[in-house]
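*Asks:* My questions concern the predicted model and sequence given below.
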Amino acid sequence: MNVRERHDAIVRNLRRCGTSTVAELAREVGASRRTVLRDIAALRDEGFVIQSEPGRGGGVQLDPRSVQTTARLSVAEVFALLISVAAMRAARSLPFSALADAGLAKIERALPADKVRDLRRFLDCLHVGQLSPQQDLSDMGAMDPGLLPAFETAFLERMHLRFLYRDARGGDSRREVEPQAMLILPPLWYLVAWDPARGDFRHFRMDRISRPEQVEGTRFRRRHVPFEADVCPFRDLPR
């Protein structure tokens with residue numbers, strides 16, 4: 001488990017069992033006692049009221065009325081919210097845009113400085129435009145839920161991305177590319193990447209991408225992406 005998964009598992013255990021020992025929690029999450037003690041301290045910092053009683057018959061208890069009071073959203077989660085709002089705005093289907101913007105601003109203010117920095121770097125890669133009315137959408141499919149977390153690391157760390165791609169004719173190929181931008185033309189989403197094998201940019205429809213993975217040990221440089229004039233970069237955070 002990663003840190004967040006451990007924290008969630010500890011809270012679930014304490015809500016379910018009422019009282020647990022540190023040893024029981026350590027077995028549950030597959031971590032050491034020291035790690036669990038650090039996790040409990042972090043959960044207290046987030047607003048959970050966790051009490052501990054030493055000795056025989058004691059243990060760790062969670063006040064059932066306590067809740068998390070600090071934001072614990074990942075960069076990818078906030079980015080997903082931002083690009084959803086951006087896509088709806090581009091499609092002219094966001095009737096309550098002022099409320100959405102105000103809510104997102106509150107979330108952004110609650111993020112640590114390092115996450116805000118990563119989020120802004122991520123937003124630099126996002127471009128939004130309008131889809132041609134002649135575009136055929138008859139074969140549009142669902143996007144792999146693993147795309148955004150994989151993209152986050154690939155974009156921020158500038159790592160090559162490898163994935164399985166199904167083309168318009170239904171043929172499958174394994175691709176390894178340098179992800180340079182995300183293009184949203186509602187309702188279609190594209191990964192814009194430099195393809196070293198072809199020496200050029202390629203647009204990959206995200207509903208045709210599956211099994212994405214970062215390629216460890218690879219790095220690439222950012223390139224200028226030649227978008228059309230009516231495709232605008234998305235900026236929605238104060239600088």
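*Replies:* Yep, that arrived.
*Asks:* do you know how far residue 121 is from residue 113?
*Replies:* Distance, residue 121 to residue 113, by Cβ to Cβ, to the nearest Å: 13 Å. Heads up, the C-betas are built off the backbone N, CA and C, glycines and all.
*Asks:* Neighbour count for the two, which is higher?
*Replies:* Using other Cβ atoms under 10 Å, the more surrounded residue of residue 121 and residue 113 is residue 121, with 12 against 7.
*Asks:* Spit out the contact partners of the more buried one.
*Replies:* Residues near residue 121 by Cβ atoms under 8 Å, 6 or more residues apart in numbering: 155, 156.
*Asks:* same check, this time on residue 131
*Replies:* 185, 186, 187, 188.
*Asks:* Stretch 208-228: end-to-end distance?
*Replies:* 23 Å (Cα to Cα, to the nearest Å).
*Asks:* Report the rounded mean pLDDT for it.
*Replies:* Average pLDDT, stretch 208-228: 89.
*Asks:* Before we move on, what's the pLDDT of residue 32?
*Replies:* We have a pLDDT of 92 for residue 32.
*Asks:* that's a strand at residue 190, yeah?
*Replies:* Yes. Assessed with DSSP: H, G, I helix; E, B strand; the rest coil, residue 190 lies in a strand.
*Asks:* residues near residue 43, how many?
*Replies:* Residues within reach of residue 43, counting by other Cβ under 10 Å, total 21.
*Asks:* Run a quick check on it versus residue 51, I expect a contact.
*Replies:* No. When contacts are counted by Cβ atoms under 8 Å, residue 43 is not listed as touching residue 51 (12.0 Å).
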